[in-house]
Structure formats: C-alpha cells, structure tokens
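Novice: fold the following and give me the result.
(2 chains)
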Amino acid sequence: MNSSRCAACKHLRRRCPSDCIFSPYFPSNDPRRFAYVHKIYGASNVGKILHDLPVNLRAEAAESLFKEASYRIKYPVYGCVGQITMLHQQIQNAECQLARIRARIA
Amino acid sequence: MASSTGAGGGTGSPCGACKFLRRKCAADCVFAPYFCSEQGPARFAAIHKVFGASNVSKLLLHVPVHDRCEAVVTIAYEAQARIRDPVYGCVSHIFALQQQVAYLQAQVMQVKAQLAHNLINNMDYQSSSSRNHHNADNNNIQWPGSCHNNNNINMGPAGGLIGGLQSQFAVQNYMNLSNISPQSSLDSININNNDGINNNNNNNSNGMQEIQSSSDEYVMTCPPRHSRKRHSQTDLSELQALALRMMKNENC
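Specialist: Sure, this is the predicted structure:
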C-alpha cells in the first residue's frame, strides 16, 4: 500500500501511480482541495482538463479549478458570476466616488 | 404543446440536454425547463464537457426551483469561459476586475489626499486671518462657510472644518475641551468610511481625510449663529489651538 497517496487517490480510494496526474496539484495535506473540484467537476473531467494542458500550466489550472469550485460550493446559484457582479458594482461605486471628489477639487 | 423554453416530458421532442445525451427525456427531467430542443444541445455541450451531466444535475437538484434558471445561466457562463480559457476559466476575469478595483481605490485615496492638502492650505490662510479677527472682537467671530452646503469647497472650507469641529465638540461637552488632543479629536469625529483609508500610514493626511469626511456630515448640523455667542473665549481658543497643532504636525 502506497502510504504517500495524493489527496485525489485517497479520496477515490485507489492506488496512486507514480505518474498520477493529480498528485503534483492535490497534495495529501489538503484533502479539501480535491474534494471541492471533484464535487463540482468530477475527477474524470479534471483529469481531462489537466491532461490537455502543457505541464507548466497545470498548476495554474488546478488552482483556478479549485477557486471556481469553491465559489460554486459557497454560492450554489451564482458561483463565480456573483463575485464578478459584485466587483462590477465596486468598480462603478469607485468611479462615481472618484468623479465626485474630482468635481469638488475642480 | 412544447414550450419555447423546454420541450421535455417524453411526449414531444426531447429537451436539448437529452437530445445531446441521446437519451429518453423523462417527464421530470431536471434539464428540460432550461434547455430547449433547438438551441439547448449546443448550450448543453459546453456544460457537459466541463462539468458533466451528472454533476450539473446534482447541482440543480440542490438549488431551489425558482433559482435554477439563474444557476443554469451561470453554469453555462463558467463552462464557456473554461472552454475559451482552459487554464484560468472565468477566474481570469475576476483577477482583472480585482485589479481594476484596487487601482480605482488607490486613485480615490490619492484624490482624497489631494483634497485634504488643498483644505490644509486653505485652513492655514483662514486661521491666520481668523486670529486677527479674534483679537479684535471675541463675540462677533464669523465662521465663513460653516453653515453652507459643503459641496462648494470654495466657500470657506477651513471655516467649515472649524465649524464642523465646533459642532462636534458641542455635542460632546464644552467643559472637556481642555483635555482634547488632536488624536482624540480625530478619533471622536471619525465616521464610517467605506474606503478603508485608516490603513494609511500618513496620520496627518489620514486625519485630514477623516476630518473632511466628518465635515461633510457636521457642517450641515452646525449650531445657529446666535448660539455661538454663548461660546466662551476658552472654547474658541481651544479649537484654534487644535487647528494649529494639526498644521504643525503637517509641517513636521
């Protein structure tokens, strides 16, 4: 039994091969990371996404998948889009405030 | 009769999702209301590729029925974003917006500092001229701009600031004015500021920003002119001393 299975293989209760595609990006010390992406995307889809990318971009992809999954779990209806909407509102508020203050200076 | 939004139910054509999956569309198909048989397959293709039909079905079942339409829209958006950008998906959009927010907030702080700087310069002028008036007649001190709409800074912002400070002290206690330090007065007139400018290490500009913020609030509620005549000479001199200490801190 391989005692250093990655979080993905631990979650999937399988042996962790030496060329496991998940192991560099889902270490065993953070099981929540894989649990989130597995819940939203599924292990198969995550594996396909990572497999189709160059190796040097897979870490970023895994991170962004985790972030998206986190948003979706936290906000089941809106997910990331809720965050985008909120940021648009913040931008609008900041622009209004900027215009107001500049008008006072002028 | 099949609706324009969903065509499931088993009697008519399958919904877009079931058409894509090439399966029988059940009467209670969870996808049917949101994927029409015409354009649904194309929309569902992206969702299926990124999330998988089973995962999306579970997501929708955990969402109240009246929210599922919006959930489908956002899931479709995320799926399209992930197909366009397999590395970052829609997270890149979030990063870009966060940077824009940070940039704008920095600009807001910058212009507020500029406004505060202008007010300090005006206050310097006003305090020197008010000192001359004070020595002449203590009971007839004019407070220009203090009861005017503070939207027009040119109408004596320094007077408005001192008037604002005065009104704040009037609310607290005139007898305690001798114990007021610049920092405590700044603390006492600090109001909620959504910009989070309190992280500024420059205490002076931060203090002036807070005073400016407070003056926006307090100038409109300054006491009427007749009540000012009841202010003792000690109170007025304390206010002026406070203004002078703030200016000295600026120069240090």
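Novice: show me the shaky parts of the chain.
Specialist: All of this refers to chain A. A:1-3 (pLDDT under 70).
Novice: other chain: chain B
Specialist: In chain B, residues with pLDDT under 70: B:1-11, B:133-252.
Novice: packing partners of the longest helix that it contains?
Specialist: Looking across chain B with DSSP state H, the single longest helix is helix B:91-136. If you count contacts as 3 or more C-beta pairs under 8 Å, 6 or more residues apart in numbering or on different chains; DSSP states H and E, helix B:91-136 packs onto helix A:55-74, helix A:79-105, helix B:157-172, helix B:203-218, helix B:233-251. Every residue, glycine included, has its C-beta placed from N, CA and C.
Novice: ok, and for the longest one, which residues are buried?
Specialist: Using 16 or more other C-beta atoms under 10 Å in any protein chain shown as the burial criterion, the residues of helix A:79-105 that qualify are A:79-84, A:87, A:90-91, A:93-94, A:97-98, A:101, A:104.
Novice: B:Cys29 contacts B:Gly16, correct?
Specialist: No - using C-beta atoms under 8 Å, B:Cys29 makes no contact with B:Gly16, being 10.4 Å away.
Novice: domain map for chain A?
Specialist: A:1-74, A:76-105 (the TED database).
Novice: mind checking those domains for the one nearest to B:Cys25?
Specialist: domain A:1-74 (22.4 Å; C-beta to C-beta).
Novice: domain map for chain B?
Specialist: If you go by the TED database, chain B breaks into B:16-84, B:90-127.
Novice: redo those domains as TSV? Include distance to A:Leu50 and mean neighbour count.
Specialist: Listed next are these as TSV, based on distance: least, C-beta to C-beta, whole Å; neighbours: other C-beta atoms under 10 Å in any protein chain shown:
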stretch	distance to A:Leu50	mean neighbour count
domain B:16-84	12	18
domain B:90-127	15	17
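Novice: can you give me the angle the helix or strand where B:Leu59 lies makes with helix A:79-105?
Specialist: Element membership for B:Leu59, per DSSP states H and E: helix B:53-61. In terms of direction (axes from the mean of the first three to the mean of the last three C-alpha atoms, to 10 degrees), helix B:53-61 departs from helix A:79-105 by 60 degrees.
Novice: format the domains of chain A as TSV; extra columns: distance to chain B.
Specialist: Below are those laid out as TSV (distance: least, C-beta to the nearest C-beta, whole Å):
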stretch	distance to chain B
domain A:1-74	4
domain A:76-105	4
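Novice: nearest to B:Glu70, out of the ones you listed?
Specialist: domain A:76-105 (5.6 Å).
Novice: centre of the chain to the closest one, how far?
Specialist: 24 Å (C-alpha atoms, centre = their mean, to the nearest Å).
Novice: mind listing what B:Phe51 touches?
Specialist: Residues in contact with B:Phe51 (C-beta atoms under 8 Å, 6 or more residues apart in numbering or on different chains) are A:Ile40, A:Tyr41, A:Gly42, A:Asn45, B:Leu59, B:Ile75, B:Ala79.
Novice: the fourth one: which element?
Specialist: With elements delineated by DSSP H and E, A:Asn45 resides in helix A:43-51, which encompasses its position.
Novice: show me what counts as buried in that helix.
Specialist: Under 16+ other C-beta under 10 Å, the buried positions of helix A:43-51 are A:Ala43, A:Asn45, A:Val46, A:Lys48, A:Ile49, A:Leu50.
Novice: please determine how far B:Ile47 is located from chain A.
Specialist: According to C-beta to the nearest C-beta, to the nearest Å, B:Ile47 stands 11 Å off from chain A.
Novice: was I right about that residue contacting B:Ile75?
Specialist: Yes - B:Ile47 is within contact range of B:Ile75, at 5.9 Å (criterion: C-beta under 8 Å).
Novice: joint contacts of these two?
Specialist: Contacts common to B:Ile47 and B:Ile75, judged by C-beta under 8 Å, 6+ apart, are B:Val56.
Novice: quick check: closest non-adjacent residue to A:Asp30.
Specialist: Counting by C-beta to C-beta, 6 or more residues apart in numbering or on different chains, A:Ala7 is the residue found nearest to A:Asp30 once chain neighbours are left out, at 6.2 Å.
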